[in-house]
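Asker: Give me the fold of what follows.
(one chain, ligands or ions: 2)
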Amino acid sequence: MPHVYAVALEKGGVGKTSIAVNLAAAFARLDLRVLLIDLDAQRHASRWLGIDTEAITVEDSFLGVAIQHRLLSQCIVSTDERIDVVPAHKELVALPDVLNRSMGGGIYTLRKALQSLTDAGRSYDVVMLDLAPARGPVLATALAGATRCIAPVQAADLVLQSLRDLAESVVQAHEFNAQLRGLSVLRNNYAPRATLDRAYDQALAEGYADVLLQTIIPPRALIRLASGAQQSIFTYRGSDDVAIREAFLKLTEELLVLDGGSASGTTL
Ligand SMILES: Nc1ncnc2c1ncn2[C@@H]1O[C@H](COP(=O)(O)OP(=O)(O)OP(=O)(O)O)[C@@H](O)[C@H]1O
Ligand SMILES: [Mg+2]
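Answerer: Ligands and ions are numbered 1, 2, ... in the order given. A predicted model of the protein is given here:
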């Protein structure tokens, strides 16, 4: 059973895609087999990983799986980052409706699709789900197939509200998914010494102390530069910023300790 990480928060622009892509790349650096499923019609994660999304058909995205025209294994594209990807299509905006029309709200669509990978002779150590900034059936389906939900947070308006809503969704998802270990809150774009971030830290410590990850992802231009170059922060060579790479590798270690698992070999 792979570690299935759903990177989610209804608040937009908090770094979900940045975390999903670069955490996937960090796990791949540890020689783990990684699959990223892009569930966001914005297609940022697919593009970031160098996929020409204009050449992707609707059926090659997770929508093809949800309407049962494709097996998940048939949608997988490999990339230069050693990450396999199920790319997104702009018509993924229809995914909530398609899931709603499926039996039982399509809640097990992802979980069943992941189980079918083994039959297709594909196995992964880590599956990363990049979600759109929304609640609803796609989030519910992702949480029904996930082993952990990671919520990136920044010191910004509405983040705490979104976090409360997400924590509620995770509790509800336990009903469908006994393998969901819970929610982890990840401080992203965070400078612990900045006044605003310190105030947020206090609020997070009050409400989320037991689910707050120790690793903090700092604000770094490399994230934007790498995204523009359609490369992960590990592959992008236009910057020698080691701190951000180290932070992502530290995050893999923290998650592997939490979830049980090991990995060998590390290259920055
Ligand atoms: N640690 C960081 N340092 C600097 N910039 C960052 C960091 N994390 C994210 N960003 C920038 O913030 C912006 C939003 O990030 P990202 O697209 O990952 O957020 P998102 O939560 O996926 O957004 P959406 O909700 O639209 O899917 C991007 O321009 C990204 O480059
Ligand atoms: Mg995103």
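
Asker: Tell me the predicted confidence for Ala265.
Answerer: That one is not Ala; residue 265 is Gly. Confidence at Gly265, expressed as pLDDT, is 41.

Asker: What of His69?
Answerer: pLDDT, His69: 84.

Asker: Relative to ligand 2, how far out is it?
Answerer: Shown here: His69 relative to ligand 2, a distance of 26 Å by CB to the ion, to the nearest Å. To be clear about C-beta, it is placed using only N, CA and C from the backbone, and glycine gets the same treatment.

Asker: and that residue, what is it in contact with?
Answerer: Residues near His69 by CB atoms under 8 Å, 6 or more residues apart in numbering: Glu59.

Asker: Now it, what are its backbone angles?
Answerer: Torsion angles at His69 (phi, psi; degrees, to the nearest 10) stand at phi -90, psi -20.

Asker: for Val77, same thing?
Answerer: Torsion angles at Val77 (phi, psi; degrees, to the nearest 10) stand at phi -120, psi 140.

Asker: so the residue nearest to it when sequence neighbours are not counted is in which element?
Answerer: What sits nearest to Val77 in space, not counting adjacent residues and going by CB to CB, 6 or more residues apart in numbering, is Val85, at 5.2 Å. Assigned by DSSP states H and E, Val85 falls within strand 83-86.

Asker: Just the C-alphas of that strand, formatted as PDB.
Answerer: Presented in PDB, the C-alpha positions along strand 83-86 are these (Å, rounded to 0.1, in the frame of the first residue of the first chain):
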ATOM      1  CA  ILE A  83       7.800  11.100 -11.300                       C
ATOM      2  CA  ASP A  84       4.900   9.400 -13.100                       C
ATOM      3  CA  VAL A  85       2.000  11.700 -13.600                       C
ATOM      4  CA  VAL A  86      -1.700  11.400 -14.300                       C
END
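
Asker: For beta bridges, what are the partners of the residue nearest to Val77?
Answerer: Leu36, Val77 (DSSP bridges).

Asker: Contacts for whichever helix or strand comes after the strand holding Val85, please.
Answerer: Sequence order places helix 95-101 as the next helix or strand after strand 83-86, per DSSP H and E. Applying CB under 8 Å, 6+ apart, the contact partners of helix 95-101 are 39, 41, 62-63, 66-67, 105-107, 109, 134, 136-138, 141.

Asker: Now helix 95-101: buried residues?
Answerer: 95-96, 98-99 (16 or more other CB atoms under 10 Å).

Asker: can you give me how far the next helix or strand after that helix is from the chain middle?
Answerer: Next helix or strand after helix 95-101 toward the C-terminus (DSSP H and E): helix 109-119. Computed by CA atoms, centre = their mean, to the nearest Å, the chain-centroid distance of helix 109-119 equals 18 Å.

Asker: Please apply the same query to stretch 47-62.
Answerer: Relative to the centre of its chain, stretch 47-62 is centred 17 Å away, using CA atoms, centre = their mean.
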